[in-house]
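J.: Pasting the sequence and the predicted model now:
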Amino acid sequence: MSQGKGLLERLERKGISRRDFMKYCTTLTATMGLSSAYVPKVAAALANAPRPPVIWLALAECTGCAESTLRTMYPWIDQLVLDIISLDYHETIMAPSGEAAEKSLRDSITKNAGKFILVVDGAVPTGDNGNFGTVGGKTMLELIKEVGPKAMATICIGTCASYGGLPAAAPNPTQAKSVSEVTGLKTVNIPGCPPNPINFVGTVVNFLLFGKLPELDDKGRPLFAYGQLIHDQCPRRSHFDSGEFVTSFNSDEARKGWCLYQMGCKGPDTYNNCPKVKWNDGTSWPVQAGHPCIGCSEPNFWDKSTPFFKSS
Amino acid sequence: MARVVIDPITRIEGHLKIEVEVQNGKVTNAWSSSTLFRGIEIMLQGRDPRDANLFTQRACGVCTYVHALSSIRAVDDALGSKMADNGRIIRTLLHGSQYLHDHMVHFYHLHALDWVDIVSSLKADPKKTAELATKLSPNSPEAGVNDFKAVQARVKKFVESGQLGPFANGYWGHPAYKLPPEANLMAVAHYIMALKQQARTARLMAIFGGKNPHVQSMYLGGVTCATDLTPDRIAEFKYLWLETMAFVNDVYIPDVLAVAPFYKDWAKIGGTQNFLAYGDFPMGPKEPDSFLMPRGAIFNRNLAKVEPVDVSLITEEIKHSWYEGDPKGLNPANGETKPKFDKYDTEARYSWMKAPRYKGEPMEVGPLARVLIAYGKGVPAVKENVDAVLKHLAIPADALFSTLGRVAARAIETKVIGEAMGTLLGQLIANVKSGDLNICDGRPWEEMPSEGMGAGLNDVPRGALGHWISVKDKKIANYQMVVPSTWNIGPRDAADKMGPLEHALIGTPVVDPKRPVEILRTIHSFDPCIACGVHVIDTESNEVYKFEVV
């Protein structure tokens, strides 16, 4: 019996039909910018067993990236954790604490050396010998330097791990740095504050499907998600082209959904797929909610894009 | 006497270390240490006040919206924004969405595994589980024999795969777990169900907030979501809210009532003495009088005397924290803080958190504080629900001062606040129907005042949250946050008096110091959120500190 059959049986037992599963694979394949010919391969990649071990380290972060990942739909988070990957260490959801949690981390690293996927959220505080952040008695700086090189691949989820993000905003009180700056590793970066979970899940599936990292831009971002400017995909683009701008958030122009460029929108400088996939199962995205894009998937946006309410 | 260090504490937001002394199977001393410092307020110096809500929201991705709310309210207060009624309503609806989501995730995904033994669920009889679920909650969804069979088979397959992922090295089989296998299976099924429900419930916030986590629709005097005041968006919100309330009423509340009778000894463990709430949920324009959950303080568990709150009596003490300055600390409106890491020493300094005190006393904040204060003040919706729970569990009102009381209070307020969202939605519909589409203060920034001082006081899922801002030349001169988890999880004060969590841990039984599940129960009952709690500010000089390498 193939492993794929095993997964489908598991899914069916939970009321998820073969058709639902293939529909999900189709959506995911489209998000990844692949042709429909890849749908069966995506399905096969997801159904493979044993589940690939994933270790998630939380450094100087706010847990927004973990919360965002919890919002994934198709696959839902229970499918991701129970059926697709083996999430061996994740402080926010794991059952054990303290020594027992440390044991989970050590066990997985030892057993899966060179074979696990490392996911990191949060920047690395390097000031004061790393004492601004510790986990289990180790500084985060020591921890990432120790674990990073043992991973098969490192995925930085969120702008903090990718580029320093919020903790590194001027004056960077803790000398926070990105994972790649500190470890010298080439990381896959899924920036955003937080990133859309579909981009993280899409990257993991890409890895399972091809056994390698997705194609990246010069900032380490997968092209399937970060290949185009927000501005070029924005549904308000025609208003920009027609010179129809919002100049007050409490106005008829705002209610008509005109362009937010003059309110400070950073869509013209920001690579991300928010307008295309939107957030929370396609519910909305900041520009739809009448707010300028703040450019949260770009390096140094907390300094480069501020003040946010000013045209660039 | 044994010293037990638990680091990291998991199933919380952020980085926390707890050290306890155990004697004769009970905790006799405790120290709570927060182990991450980021310094968000330092970054805010000199920036545009309108940007502050986007920065401070990143204090925490679990609390997410609440810092945006307190921040924009502080800026509104400082600059005298004209509040749009729809702005008040939508901000409050977003806040209600945060409560529904946050409390649900806390109960099922951060707290439940302290009470529920997943492995024991494999021994359950699915038929008996279905009967139990239906008896507890006649409308319980997915409660058929086949549903529980499927969940059990899924757990079995997962366990047999040998890849236990986040459930490896859990405290399964620990004698402190008391639920019968059927209750464990039902709880595991609801753990998985809630994983899906929380993702759907998070959509509530995205409708008017653009996305979740980290909403992006706050502006002076209200919100920016001008194109979302339409019947289709309001209907989408309404039916998602109804779906969530069905989960609260048919699953969450019954689960709390089902689990509690097996853990009644926890109604005598984990209590504290004093309680503080700023109050929240403005049901009309006049604040704080229109708050659904009122403002107040209770000392020495005296429910009969709810005192008014004077925020000028708050101090942030630092004798045991890694900061320089007067150990007794100062009021947040004029404080001074200089971070200086020394070493972890429970006899000296041991946390990045400061120790907030009100009238010099440690105060518990959060669901229990809010519910006790509302109960003491006789708020009908709260009183009715609290009395029903006490009657169901056959326990007296003073049993609320406990770990179990904290769990029950969280569930009770989820229902009360969730139901009030219906009233708020009605107000929004009435306004839109009458043609009022104003959502914020649209005056040009150039016309707004250049200077001012303001405070944003809110009561958020984890408790009393205050942001203080001072604006000069249209820029942030000073910024300060005093957040719920600092009140609850902070260290000893200048008089060496323990913080609420430290106090609550005293007397906690510990059967096996290597598997301290009992300690986790009380820690998690506070729903600690550590990233929020650690921050610094210099309110005097705008100086950026150089950090000494020790």
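T.: Okay, I see it.

J.: Quickly check: the helix or strand where residue B:191 lies near chain A or not.
T.: Assigned by DSSP states H and E, residue B:191 belongs to helix B:181-209. Yes: interface with chain A: helix B:181-209 contributes B:192, B:195-196, B:198-200, B:202-203, B:205-209 (CB under 8 Å from any CB of the partner chain). Every residue, glycine included, has its C-beta placed from N, CA and C.

J.: Can you pull the phi and psi angles for the nearest residue to residue A:200 once chain neighbours are set aside?
T.: Counting by CB to CB, 6 or more residues apart in numbering or on different chains, residue A:200 lies nearest to residue A:190, which is 5.1 Å off, once chain neighbours are set aside. Here is the backbone geometry of residue A:190 (degrees, to the nearest 10): phi -120, psi 70.

J.: do residue B:480 as well
T.: phi -150, psi 140.

J.: Now for it, how many residues are close by?
T.: 25 (other CB atoms under 10 Å in any protein chain shown).

J.: Report pLDDT for it.
T.: Residue B:480 is assigned 87 on the pLDDT scale.

J.: Any idea what it is bridged to?
T.: Listed beta-bridge partners, residue B:480: residue B:468 (assigned using DSSP bridges).

J.: From residue B:104, how far out is it?
T.: Distance, residue B:480 to residue B:104, by CB to CB, to the nearest Å: 31 Å.

J.: what residue ranges in the chain score low on pLDDT?
T.: Reading this off chain A. Scanning chain A with the threshold set as pLDDT under 70 gives A:1-49, A:311-312.

J.: my bad, chain B
T.: Filtered on pLDDT under 70, chain B yields the residue ranges B:14, B:35-37, B:335-337, B:531-550.

J.: Next, count neighbours for residue A:71.
T.: Neighbours of residue A:71 (other CB under 10 Å): 26.

J.: I'd say it and residue B:212 touch.
T.: Yes: counting by CB atoms under 8 Å, residue A:71 does reach residue B:212; the two are 6.8 Å apart.

J.: Need the residues touching each of the two.
T.: Counting by CB atoms under 8 Å, 6 or more residues apart in numbering or on different chains, the contacts common to residue A:71 and residue B:212 are A:280, B:202.

J.: Tell me the residues of the stretch 201-350 of chain B that contact chain A?
T.: Contact residues (CB under 8 Å from any CB) of the stretch 201-350 of chain B with chain A: B:202-203, B:205-217, B:219, B:221-229, B:339, B:341.

J.: Test my guess that the residue nearest to residue A:200 contacts residue A:154.
T.: No: contact between residue A:190 and residue A:154 fails when scored by CB under 8 Å: they sit 11.2 Å apart.

J.: contacting residues for residue B:452?
T.: Residues in contact with residue B:452, defined by CB under 8 Å, 6+ apart, are B:77-80, B:470-471.

J.: May I see the PyMOL selection of the buried members of those?
T.: Here the buried members of the contacts of residue B:452 are turned into a PyMOL selection, burial being counted by 16 or more other CB atoms under 10 Å in any protein chain shown:
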select buried, chain B and resi 77+78+79+470+471
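
J.: before we move on, the earlier item: mind checking which of residue A:190 and residue A:154 has more residues around it?
T.: residue A:190 (31 against 25).

J.: how close does that one sit to residue B:205?
T.: 22 Å.

J.: Now the closest residue to chain B within chain A. Nearest residue, chain neighbours left out?
T.: Of all residues in chain A, the one sitting closest to chain B is residue A:64 (2.3 Å; CB to the nearest CB). Spatial nearest neighbour of residue A:64, chain neighbours left out: residue B:61 (2.3 Å); criterion: CB to CB, 6+ apart.

J.: wait, what's in contact with the one you found?
T.: A:61-68, A:194, B:13, B:213-214, B:531.

J.: if you set the cut-off to 7 Å instead, what comes out?
T.: Neighbouring residues of residue B:61 by CB atoms under 7 Å, 6 or more residues apart in numbering or on different chains: A:62-65, A:67, A:194, B:213-214.

J.: Okay, and which of the residues you listed map to helices?
T.: In this view, the contacts of residue B:61 that belong to helices under DSSP state H are A:64-65, A:67.

J.: Provide a list of residues in contact with the nearest residue to residue B:236 once chain neighbours are set aside.
T.: Excluding the flanking residues, the one nearest residue B:236 by CB to CB, 6+ apart is residue B:207, at 5.9 Å. Contact analysis of residue B:207 by CB under 7 Å, 6+ apart lists A:283-284, B:228, B:233, B:236-237.

J.: Identify, from those residues, the entry nearest to residue A:276.
T.: Nearest to residue A:276, judged by CB to CB, of these is residue A:284 at 13.2 Å.

J.: what are the bridge partners for that closest one, then?
T.: residue A:279.
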